[in-house]
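Asks: Structure of the sequence below:
(4 chains)
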There are 2 protein chains.
Amino acid sequence: MAVTLHEVAFLAGVSIKTVSNVINRYPHIRPATRDRVEAAVAELGYTPNLTARNLRGGRSGAITLALPDMGLAYFAELAAQVIEAAEAAGMIVQLEHTAGDRERELELLKSPRRRASDGLIFSALGMSQDDADALDVPYPLVLLGERIFGGPADHVTMRNEDAARAATEYLIASGRRRIAIIGAHEGEVVGSAGLRLAGYRKALERAGFAMDPQLVGYTGLWHRANGAETMRALLASGVEFDAAFCLNDTLAFGAMRVLQEAGLSVPGDVAVMGFDDIEEARYSIPSLTTVHPGQDWIARTAVETLMGRIATQGKGPWAAAMTRLANFEIVPRESAPQH
Amino acid sequence: MAVTLHEVAFLAGVSIKTVSNVINRYPHIRPATRDRVEAAVAELGYTPNLTARNLRGGRSGAITLALPDMGLAYFAELAAQVIEAAEAAGMIVQLEHTAGDRERELELLKSPRRRASDGLIFSALGMSQDDADALDVPYPLVLLGERIFGGPADHVTMRNEDAARAATEYLIASGRRRIAIIGAHEGEVVGSAGLRLAGYRKALERAGFAMDPQLVGYTGLWHRANGAETMRALLASGVEFDAAFCLNDTLAFGAMRVLQEAGLSVPGDVAVMGFDDIEEARYSIPSLTTVHPGQDWIARTAVETLMGRIATQGKGPWAAAMTRLANFEIVPRESAPQH
DNA sequence: ATGAAAGCGCTAACAT
DNA sequence: ATGTTAGCGCTTTCAT
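Replies: Residues are numbered from 1 along each chain as shown, chains lettered A, B, ... in the order given. So this is what the prediction gives:
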């Protein structure tokens, strides 16, 4: 068994309170006593039992981060940033996979394990607006993602529609006229796909371009293979286009690969715009022009918001849920030069 | 405050033991009693306090995974696989970043937080063989990585040297004669770099090729930028080569980019071999021939080994530390065709 | 400056 | 079949 306060106290010839005082840096201790206690701690190799401390204190020092899948670069980078921010706040991060599955997401929100961590940062993907009530949970919760708005929990997210509009306008400003979009979801209104499609639409309208349904590529998932497949279908259809706005970077890499295989030049024949600004975008060939949606800010802000909720829990009235939006930026690179 | 067993017991008019019995599916309970308890649980929205349960049971249901950095694709994929395997075993994963820093690694091994999780899967990068003693810790530990061998902890890893030799032999068999290596670490003997370099050497020796020091590209880190930089230096040096064995996939992507920028064809002028088989290797242009070192097996086996140690902790004598090695495989793709 | 003792919420002997 | 009770190891009043 592990060493306890009692054993240290016995060896040092003091009470456990005194040992506890030393451990917790209580200032008023006679130096001689402190020395004896510290010697005993060292001799026995005592380390405090955090579970007991947590039980007593009602805090665990851990927060949970629930993501669809760490295997996806976007989420892996988000996780890395959340871990850094949490560590700076003295918290440890527990990671859960949801696979973007609605049932698993709902399950996770209700699991007793939630109460064993101090709060949850939750990137919802499978749930929809109808499930907003499930976010009314009895523990601190910060929502990421774009499936649910106006719910009962704090929400930290990006300006999807504005950013997509800016991205499309960027392509228009660089002289492109037939802009395909890759990654749309049939019938979706909220959700990243729906919002980004809406931004694309608005930009076209503003510029006075008609929206050609033939230029809208639908795909369920946003993996490389989906981008490749959609681009292949687009090429096979014979429709003309001089740019492709891909709703995330990974789709863009798949699409670029197919364009190059088909002997088309990027950006000569087709300009490609991504979304997310994952690290790989800087290193692909050609490097990818994309939207930097502020994930780093989102990660930091999510942790900060959650820590605020944890700190004020039980103290005074519950502040209303707030939504915080990251600023975005278009990052010009080779796949879609400025003009 | 949260609802406790006492409150449920009071509402149901039974003792806490009975409530506990219902919660824990103890079979011998009168149906009427069970119903009343379940009604009370539902009415109050009771969920068990896992911290208290952990304190009582001496287990937390969490394991810790310590990695250099989740932002790196290799580690992100490893983390995803460990999380899946842990979840299947009913465990949750706590993630810690070490940044590959020796001090942080040593710190982490001693941290009281370790005792709050049931065990540690530790991918060491900054520590070296001299630090092996630090692995003699009073909790279940499984080591990953290649910095330390023969230590006091179980070790799950890959056949670096054999795999690197096989990769080099593959290039030789496909007709390459001047094979550069990218990612070597000056003076390293153990460590992935040292072992893989040794494998490369052995393959050349066997084939009767002299090893040309000009073909050895040293680089501290294994990021894309390092691969690019090293390849640039290699090209600038004017030394002739018809293949490059990159000690990880990320280096290979950087190197391929520079080759293509320089107007050289991959694999026409230079064949490129990677190591790791990260997901991107399937989708790069050209797709990357690489070594699949069995990370998926490593992740599953690490969790399984750790769970075994956790289960047998305190029961009977401590089994000797064991090393388990994954099988590797060369995955032929476009960057280095078979012949 | 230090000690005694209560109790965080739960499980499991040990009653009954 | 159900109740009583003693801890798990710690922090924290309240004494002294």
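Asks: can you tell if the helix or strand hosting A:T230 touches chain B?
Replies: Secondary-structure assignment from DSSP states H and E places A:T230 in helix A:224-237. Yes: applying CB under 8 Å from any CB of the partner chain, one finds helix A:224-237 touching chain B at A:R224, A:A225, A:A228. Yep, even glycine has a C-beta here, placed from its N, CA and C like the rest.
Asks: Including distance to A:I330, pLDDT and neighbour count, could these go into JSON lines?
Replies: Listed next are the residues of helix A:224-237 next to chain B as JSON lines, based on distance: CB to CB, whole Å; pLDDT from 0 to 100; neighbours: other CB atoms under 10 Å in any protein chain shown:
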{"residue": "A:R224", "distance to A:I330": "22", "pLDDT": "89", "neighbour count": "22"}
{"residue": "A:A225", "distance to A:I330": "26", "pLDDT": "89", "neighbour count": "14"}
{"residue": "A:A228", "distance to A:I330": "24", "pLDDT": "94", "neighbour count": "20"}
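Asks: mind checking pLDDT for the residue of the stretch 101-250 of chain A found nearest DNA strand D?
Replies: With CB to the nearest atom of the strand as the measure, A:A116 is the residue of the stretch 101-250 of chain A nearest to DNA strand D, at 14.9 Å. With respect to pLDDT, A:A116 has a value of 87.
Asks: can you give me phi and psi for the residue nearest to it when sequence neighbours are not counted?
Replies: Nearest non-adjacent residue to A:A116, counting by CB to CB, 6 or more residues apart in numbering or on different chains: B:L50, 3.9 Å away. For B:L50, the backbone dihedrals (degrees, to the nearest 10) come out as phi -70, psi -30.
Asks: Could you give the number of residues near B:L50?
Replies: For B:L50, the tally of surrounding residues (other CB atoms under 10 Å in any protein chain shown) stands at 23.
Asks: Run a quick neighbour tally on the closest residue in space to A:F275 that isn't next to it in sequence.
Replies: Spatial nearest neighbour of A:F275, excluding adjacent residues (CB to CB, 6+ apart): A:V291 at 4.6 Å. Burial of A:V291, expressed as a neighbour count using other CB under 10 Å, amounts to 30.
Asks: ditto for A:K202
Replies: With other CB under 10 Å as criterion, A:K202 counts 16.
Asks: does it count as helix, strand or coil?
Replies: Three-state assignment for A:K202 (DSSP: H, G, I helix; E, B strand; the rest coil): helix.
Asks: Please name the residues that touch the closest residue to DNA strand C within the stretch 151-300 of chain A.
Replies: Residue nearest to DNA strand C within the stretch 151-300 of chain A: A:A153 (23.5 Å; CB to the nearest atom of the strand). Going by CB atoms under 8 Å, 6 or more residues apart in numbering or on different chains, A:A153 touches A:L135, A:D136, A:V137, A:L141, A:V142, A:L143, A:A321.
Asks: how close does it sit to A:A320?
Replies: 11 Å (CB to CB, to the nearest Å).
Asks: Could you pull out the helices in the stretch 101-250 of chain A for me?
Replies: With DSSP state H, counting those that start in this stretch as the criterion, the stretch 101-250 of chain A has helices at A:102-110, A:113-116, A:160-173, A:191-207, A:224-237, A:249-261.
Asks: Quick one: the strands in the stretch 51-200 of chain A, in order.
Replies: A:62-67, A:92-97, A:120-123, A:141-144, A:154-158, A:179-184 (DSSP state E, counting those that start in this stretch).
Asks: Format the CA atom coordinates belonging to the third one as PDB.
Replies: Right, the one you point to is strand A:120-123. Only the C-alpha atoms of strand A:120-123 are listed here, as PDB (Å, rounded to 0.1, in the frame of the first residue of the first chain):
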ATOM      1  CA  LEU A 120     -16.400  19.400 -20.100                       C
ATOM      2  CA  ILE A 121     -15.300  20.900 -23.300                       C
ATOM      3  CA  PHE A 122     -17.500  19.300 -25.900                       C
ATOM      4  CA  SER A 123     -17.200  19.300 -29.700                       C
END
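Asks: Can you name every helix or strand that that strand contacts?
Replies: In this structure, strand A:120-123 makes packing contacts with strand A:62-67, helix A:73-88, helix A:102-110, strand A:141-144, helix A:295-312, judged by 3 or more CB pairs under 8 Å, 6 or more residues apart in numbering or on different chains; DSSP states H and E.
Asks: JSON lines for the ones you listed, including distance to B:R159, mean pLDDT and mean neighbour count?
Replies: JSON lines is the format used below for the helices and strands packed on strand A:120-123 (distance: least, CB to CB, whole Å; pLDDT from 0 to 100; neighbours: other CB atoms under 10 Å in any protein chain shown):
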{"stretch": "strand A:62-67", "distance to B:R159": "32", "mean pLDDT": "97", "mean neighbour count": "24"}
{"stretch": "helix A:73-88", "distance to B:R159": "26", "mean pLDDT": "94", "mean neighbour count": "22"}
{"stretch": "helix A:102-110", "distance to B:R159": "36", "mean pLDDT": "95", "mean neighbour count": "16"}
{"stretch": "strand A:141-144", "distance to B:R159": "40", "mean pLDDT": "96", "mean neighbour count": "25"}
{"stretch": "helix A:295-312", "distance to B:R159": "37", "mean pLDDT": "96", "mean neighbour count": "20"}
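Asks: among these, which is nearest B:F209?
Replies: helix A:73-88 (37.9 Å; CB to CB).
Asks: export that closest one as PDB, just CAs?
Replies: Presented in PDB, the C-alpha positions along helix A:73-88 are these (Å, rounded to 0.1, in the frame of the first residue of the first chain):
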ATOM      1  CA  ALA A  73      -5.700  16.600 -37.900                       C
ATOM      2  CA  TYR A  74      -8.000  19.400 -37.100                       C
ATOM      3  CA  PHE A  75      -9.100  17.700 -33.800                       C
ATOM      4  CA  ALA A  76      -5.600  16.600 -33.000                       C
ATOM      5  CA  GLU A  77      -4.400  20.100 -33.200                       C
ATOM      6  CA  LEU A  78      -7.300  21.400 -31.200                       C
ATOM      7  CA  ALA A  79      -6.600  18.800 -28.500                       C
ATOM      8  CA  ALA A  80      -2.900  19.800 -28.400                       C
ATOM      9  CA  GLN A  81      -3.900  23.400 -27.900                       C
ATOM     10  CA  VAL A  82      -6.500  22.600 -25.200                       C
ATOM     11  CA  ILE A  83      -4.000  20.400 -23.400                       C
ATOM     12  CA  GLU A  84      -1.500  23.300 -23.400                       C
ATOM     13  CA  ALA A  85      -4.000  25.800 -22.100                       C
ATOM     14  CA  ALA A  86      -5.300  23.400 -19.500                       C
ATOM     15  CA  GLU A  87      -1.900  22.600 -18.300                       C
ATOM     16  CA  ALA A  88      -1.100  26.300 -17.900                       C
END
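Asks: which helices and strands sit right next to that helix?
Replies: strand A:62-67, strand A:92-97, strand A:120-123, helix A:249-261, helix A:295-312, helix B:73-88, strand B:92-97.
Asks: Pull the contacting residues for A:E240.
Replies: Here A:E240 is in contact with A:R178 (CB under 8 Å, 6+ apart).
Asks: Thank you kindly, that will do.
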